[in-house]
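**Student:** fold the stuff below for me.
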Amino acid sequence: MVGKLVNWIAENRDSIWVQWVHWNHIRRRDWFEYIPSTNSSWVWRRICKVKQEIAHGNSRSPVCWIKVIWTKWALPKHQFMGWIVAHEALNTVDKLISYGMDVDPVCLICGQANESLNHLYFTCQYSRRVLLLSLQQNTGCSFPLVIDLDWWSSRGGTKVQRGSQIALFLGAIYSIWYQRNKCRFDAVLVHPNQIALQVIEGVRNRIRGREKEIKNANDINWLCQKHLM
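**Tutor:** Predicted coordinates:
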């Protein structure tokens with residue numbers, strides 16, 4: 001329940017309490033880098049402690065890919081989805097079957113194989129198309145066909161360039177899961193071209209919102225060339 005509050009703050013929900021928190025505590029700082037003052041209330045310090053536990057995956061030492069998931073260039077909801085995927089916590093059909101549920105194992109999006117985490121994101125032709133259009137064709141970034149966050153954490157390039165590519169990747173991951181659920185519950189599937197455009201536009205808006213933090217001329221030129229600024 002406290003984790004849900006952490007997520008609400010990250011998403012900047014339209015809530016009086018969330019707005020009060022941002023106004024009185026966070027004050028335009030990065031929520032996942034924010035540290036409460038020592039004279040904060042016990043309740044607020046507890047929320048911040050849970051936030052740290054979520055960000056660190058309940059680990060004593062941060063995993064090497066923590067900055068991949070919580071990059072400031074990605075939207076909060078995309079960050080949270082990336083964290084869930086990193087821990088293989090999505091309730092894909094294969095997992096539901098392992099729980100004893102009687103469900104059709106076939107991927108609803110493509111109908112060509114059973115749904116699993118790896119299939120949903122990297123084998124399904126629809127998903128591969130979304131990733132290709134969102135990331136590879138836009139930035140020229142090739143990527144492994146597995147959830148390999150260690151690979152992302154060791155990529156070259158500047159922080160801005162790497163963060164922008166990761167933001168596109170996380171945006172595509174989020175959008176694929178969203179479309180999978182729309183397909184399952186509403187029988188609606190949007191063309192991958194349209195999904196990729198939405199992912200790119202979301203990251204572009206995020207970058208423009210933090211434009212003042214980009215000081216390097218090479219980064220600005222790179223973002224302009226990739227139509228992300």
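
**Student:** give me the pLDDT for the residue nearest to C48 when sequence neighbours are not counted.
**Tutor:** With CB to CB, 6 or more residues apart in numbering as the criterion, C48 has its nearest non-adjacent residue at 4.7 Å, and that residue is P36. All C-beta spots, glycine's among them, are computed from the backbone N, C-alpha and C. At P36, the model reports a pLDDT of 88.

**Student:** same question for the one 3 residues further on.
**Tutor:** With respect to pLDDT, N39 scores 86.

**Student:** shaky segments in the chain?
**Tutor:** Filtered on pLDDT under 70, the chain yields the residue ranges 55-65, 137-139, 141-150, 152-153.

**Student:** all helices of it, in order?
**Tutor:** With DSSP state H as the criterion, the chain has helices at 2-11, 16-21, 42-55, 66-69, 76-86, 93-98, 117-118, 125-131, 137-139, 149-153, 159-186, 192-209, 217-225.

**Student:** of all those, which lies closest to I109?
**Tutor:** Closest approach to I109 among the helices of the chain is made by helix 125-131 (4.8 Å; CB to CB).

**Student:** quick one: closest of the helices of the chain to V106.
**Tutor:** helix 93-98 (8.0 Å).

**Student:** tell me the buried residues in the closest one?
**Tutor:** V93, D94 (16 or more other CB atoms under 10 Å).

**Student:** over to stretch 10-28?
**Tutor:** For stretch 10-28, using 16+ other CB under 10 Å, the buried residues are A10, E11, V18, V21, H25.

**Student:** what's the closest of the residues you listed to Y178?
**Tutor:** E11 (14.3 Å).

**Student:** give the contact list for that closest one.
**Tutor:** P76, K77, F80 (CB atoms under 8 Å, 6 or more residues apart in numbering).

**Student:** tell me which residue is most central in the chain.
**Tutor:** For the chain, the residue whose C-alpha lies nearest the mean C-alpha position (CA atoms, centre = their mean) is H78; its distance is 2.4 Å.

**Student:** so what's that one closest to, chain neighbours aside?
**Tutor:** Nearest to H78 is L170, by CB to CB, 6+ apart, at 4.1 Å.
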